[in-house]
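Student: for reference, the sequence and a predicted model appear below.
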Amino acid sequence: MSIKQRGKSWEAYVRKGRDRYRKSFKSRAEAESWEAMAKYHMSIGMPIETKAASQGEWTLRKAGDETYKTYWANGRSRKVMLYNVNMVCDHLGSKTLVSSINTETLTKYMLDSRASGKKNSTINRRLCCISKILHHAQDCGYLTSLPKIPLQQEDNGKIRWITEREESDIRNHFVAVGGAIQMAQLFTVAVDTGMRRSELLNLRVGDISLGKLHIWETKANLPRSIPMTKRIDGQLSVMMYDKKSTDHIFTLKVHQIRSAWDRMKNTLGLHDLRFHDCRHTFASRLVQRGVPIPEVQELLGHRDIQMTMRYSHLAPQNLRSAIDKLEA
C-alpha cells in the first residue's frame, strides 16, 4: 500500500525510479489527496512538495545525529559509528545540507581520503556511514534522490599468522616482563580460541563450563561456544580460583593491552603484527590441519561464510588431492 497509518497520522508514499517521496498527514483523505497530486506532478515533470521544501532542510550533522539515534545508539558498535559520523561531518562540513551532497561530492571525499593514506576498507566504512545517513534523510522526507556511492574494491591481502617460534618468543617476552603475566595468559587464550579482544575482556568466570568458553556478546550477534584446549583449560582453572561467577577473567584495559603489545613488537622486531592476528592464527591453524570451512566459520562466529573462505587456500592438501586425481 502507498498509504499507511503511523500512530495517529497517515503517511503517503510515492516513488518514481530511484526517487522516493513521503509525507505525513492528520487524515487519510489528506494523504490520498497529496498522493494523487504527487503522481500527477511526476507525470508532467513538476517537482514534488516534500517535507524538505515545507519545513526546512537537514544539515549533515542533523541527519547524522538522527541516524545515530535511530539505528546505532543502542548497538554494540555505537562508539565506532559515532566516531565515523563525526569524521564524516568534519570532512564534508557539519552545516552542509544533505540535499547538496551528490556523487561528485562523495567521489572527491573518496579521493581525498585515499590521498591522506586511508585504506580502501576504511574509506568504504565511512562511505557506508554516509549512505545510511542519506537513506535515513530520504526516508524522513528531507531528500528526494540518492547519489551513487563510489565504494572501493577491498583487497584482503596476505593473512598474517603467528608461527610456532614467534608464539614461543611472544609468550616468553610477556612472562619475562614484570607485571605482564596476564598478557601472556591473554595471548595464549586468544591464539587457542580465536576470540576477539572485546570478547576476551568481556569473558566472565560463569561463561566457562563443561570444557567450553561461552561467548554471548559478539560482533555478529551470534553467541557461540568454543571447546578449550588442554593448556588453556589448565591456565583458566588457575585464574578462576577464588573468583565469583560474575568476575571477569581478564582485568586488563584496552590501553594496557595496546601498550604491552607495542612494546613486545618493538622488542622482538615483529612490527607488522597486530593483536587481531591471534584470531587469524587460530583460523589458519585449523584450516591447515584439515578442519572443514563450515566448522571454522562456526568457531570464529562469522555470519557469512565468505568471511571464512579467505582462509580456504591455506589447505593445500585439498588442492593436492584434486591434482592427484589427474594422475589416476
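Tutor: Now that the structure is in, tell me what you want to look at.

Student: C-alpha from now on. contacts and neighbour counts both.
Tutor: OK.

Student: put the alpha carbons of stretch 171-189 into CSV.
Tutor: What follows is stretch 171-189, C-alpha atoms only, in CSV (Å, rounded to 0.1, in the frame of the first residue of the first chain):
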residue,chain,number,x,y,z
ARG,A,171,54.9,-15.7,25.4
ASN,A,172,58.4,-15.7,26.8
HIS,A,173,58.6,-11.9,26.4
PHE,A,174,55.4,-11.3,28.3
VAL,A,175,56.4,-13.8,31.1
ALA,A,176,59.8,-12.1,31.4
VAL,A,177,58.4,-8.6,31.7
GLY,A,178,57.3,-7.7,35.2
GLY,A,179,53.6,-7.3,35.5
ALA,A,180,52.9,-8.7,32.0
ILE,A,181,52.0,-12.3,33.1
GLN,A,182,48.3,-11.6,32.4
MET,A,183,49.3,-10.5,28.8
ALA,A,184,50.9,-13.9,28.4
GLN,A,185,47.7,-15.6,29.5
LEU,A,186,45.5,-13.3,27.3
PHE,A,187,47.7,-14.1,24.3
THR,A,188,47.6,-17.8,24.9
VAL,A,189,43.7,-17.8,25.1
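
Student: how far away from the center of its chain is that stretch?
Tutor: Averaging C-alpha positions (C-alpha atoms, centre = their mean, to the nearest Å) puts stretch 171-189 29 Å from its chain's average.

Student: please apply the same query to stretch 143-150.
Tutor: Between the centre of stretch 143-150 and the centre of its chain there are 23 Å (C-alpha atoms, centre = their mean).

Student: would you indicate which residues of it are buried?
Tutor: For stretch 143-150, a neighbour-count test (16 or more other C-alpha atoms under 10 Å) marks L143, T144, S145, L146, I149, P150 as buried.

Student: tell me which of these is nearest to E164?
Tutor: Set against E164, the nearest of those by C-alpha to C-alpha is P150 (41.5 Å).

Student: excluding covalently adjacent residues, which one is nearest to that closest one?
Tutor: Leaving aside its sequence neighbours, P150 sits nearest to T107 (C-alpha to C-alpha, 6 or more residues apart in numbering; 6.2 Å).

Student: count of neighbours near that neighbour?
Tutor: By other C-alpha atoms under 10 Å, 16 other residues sit near T107.

Student: residues contacting the helix or strand hosting it, please?
Tutor: Here T107, judged by DSSP states H and E, is contained in helix 103-115. The contact list for helix 103-115, computed with C-alpha atoms under 8 Å, 6 or more residues apart in numbering, reads H91, L92, N120, I123, L127, P147, K148, I149, P150.

Student: buried ones in stretch 22-33?
Tutor: Quick answer for stretch 22-33 (16+ other C-alpha under 10 Å): R22, K23, S24, F25, R28, A31, E32.

Student: need the phi and psi values for A184.
Tutor: Dihedral angles phi and psi of A184 (degrees, to the nearest 10) take the values phi -60, psi -40.

Student: switch to numbering from 793
Tutor: Renumbered: residue one is now 793, and that last one reads A976.

Student: longest helix of the protein, counting residues only.
Tutor: As assigned by DSSP state H, the longest helix anywhere in the chain is helix 912-931.

Student: run through who's touching the very next helix or strand once past that helix.
Tutor: Going down the chain from helix 912-931, the next helix or strand is helix 956-968, by DSSP H and E. Residues outside helix 956-968 that contact it (C-alpha under 8 Å, 6+ apart): A972, I973, M975, A976, F979, T980, M1056, L1060.

Student: tell me who's in contact with K796.
Tutor: Counted by C-alpha under 8 Å, 6+ apart, K796 has contacts W802, E803, A804.

Student: and for the last one, the neighbour number?
Tutor: A total of 23 residues lie near A804 under the criterion other C-alpha under 10 Å.

Student: next one: the second one
Tutor: By other C-alpha under 10 Å, the residues close to E803 number 21.

Student: what's the helix or strand for it?
Tutor: Element membership of E803, judged by DSSP H and E, is strand 801-808.

Student: from the chain's centroid, how far away is that strand?
Tutor: Centroid separation for strand 801-808 versus its chain: 32 Å, with C-alpha atoms, centre = their mean.

Student: tell me the first helix or strand C-terminal of that strand.
Tutor: strand 811-817.

Student: relative to helix 912-931, how tilted is that following strand?
Tutor: Strand 811-817 runs at 40 degrees relative to helix 912-931, counting by axes from the mean of the first three to the mean of the last three C-alpha atoms, to 10 degrees.
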